[in-house]
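Participant: predicted structure and sequence below. I'll ask about it afterward.
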Amino acid sequence: MAEMLAYEHRSRLPIVIVRPTSTTSTLMEPFPGWKEGIKTIDVWVTNYGKGHLKFLPGDVTTIMDIVPADIVINAMLCIISCHPQGPLDLIYHIGSSMRNPLKIGDLVHAMFRYFLERPFVSAEGEVIKVKQLVVPATMDSFYEHMNIYYKMPLEMQDMVRRGLSTAEEQDRYNHLKREYNFTVAVAEVFESGTFFKRRFDDSNIVQRLITFLNERDRELIL
């Protein structure tokens, strides 16, 4: 909608549309790993490390198109300074799926190795030991896992809870229910991305923009 409005009201101004893919934490600036808030796949990583996410449906061969936030900013600045003036309208995709693809399966293994070496420590001082994230190949398979791992235990605990349950049993039930609801919500929200079978063409960045940049500026966006 914003792009349509920009074209409709552009008058004689040149229009440049920049479409970044999934923006993550920074690569270098202001320092490696900086981010503001938890967004996109950060939700997977942080909650997996905390032990809240054990299942995520998807195709392990799907390419995750993610790009560091500082690369996006650098590319936008380069586009503004180098884009040809005049009526030429271009769309620049800023992404990684064409030139530096990352498969979901590779990301899952990287997450496991990272938290195996650097486990998350809870506020109570508990070291969270993670297991390999289970990636069901279909949504039907995912829901089957949910029934076995969450819904059936929840039904059993609910019967106990309605009887002579202790505070500890109530806490265990609430924790399992929250984890179940969260896992299903994440799976359904990200379903379109974890089964995505497309890549984004960034040839305008590579073929057009790079020709206007010096070597130092090229390193900022490639």
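Facilitator: Nice, thanks for sending it over.

Participant: what helix or strand is residue 98 located in?
Facilitator: Using DSSP states H and E, no element contains residue 98; it sits outside every helix and strand.

Participant: and residue 29, by the same measure?
Facilitator: Using DSSP H and E, residue 29 maps to neither a helix nor a strand.

Participant: try residue 158
Facilitator: Residue 158 belongs to helix 152-162, assigned by DSSP H and E.

Participant: just checking, what packs against that helix?
Facilitator: Judged by 3 or more C-beta pairs under 8 Å, 6 or more residues apart in numbering; DSSP states H and E, helix 152-162 is in contact with helix 167-189. Quick note: C-beta positions are derived from backbone N, CA and C, even for glycine.

Participant: for the helix it packs on, buried residues please.
Facilitator: 172, 173, 176, 177, 179, 180, 183, 186, 187 (16 or more other C-beta atoms under 10 Å).

Participant: ok, residues contacting the helix holding residue 158?
Facilitator: With C-beta atoms under 8 Å, 6 or more residues apart in numbering as the test, helix 152-162 has contacts from 169, 170, 172, 173, 176, 177, 180.

Participant: closest to residue 58 among those residues?
Facilitator: Using C-beta to C-beta, residue 180 is the member of the contacts of helix 152-162 that sits closest to residue 58, with 18.5 Å.

Participant: thought residue 151 was touching the closest one, still the case?
Facilitator: Yes. Shown here, residue 180 and residue 151 form a contact pair, counting by C-beta atoms under 8 Å, at 7.2 Å.

Participant: what about residue 63, how many neighbours?
Facilitator: Neighbour count of residue 63, defined by other C-beta atoms under 10 Å: 21.

Participant: and it, what are its bridge partners?
Facilitator: residue 103 (DSSP bridges).

Participant: tell me, what's the model's pLDDT at it?
Facilitator: Looking at residue 63, its pLDDT reads 91.

Participant: one more: residue 15?
Facilitator: Value listed for residue 15 in the pLDDT field: 77.

Participant: kindly provide the distance from it to residue 92.
Facilitator: Using C-beta to C-beta, to the nearest Å, we find residue 15 at a distance of 12 Å from residue 92.

Participant: which ones are touching residue 22?
Facilitator: 40, 41, 64, 65, 66, 67, 193.

Participant: what about the fourth one, how many residues nearby?
Facilitator: To tie it back to what came earlier, the one meant is residue 65. Residue 65 sits with 23 neighbouring residues when counted by other C-beta under 10 Å.

Participant: give me the nearest residue to residue 101, chain neighbours excluded.
Facilitator: residue 63 (4.6 Å; C-beta to C-beta, 6 or more residues apart in numbering).

Participant: follow-up on the earlier one: just flag the most distant two among the contacts of residue 22.
Facilitator: Longest span within the contacts of residue 22, C-beta to C-beta: 67 and 193, 14.1 Å.

Participant: among the two, which residue is more densely surrounded?
Facilitator: Comparing residue 67 with residue 193 by other C-beta under 10 Å, the one with more neighbours is residue 67, at 23 against 16.
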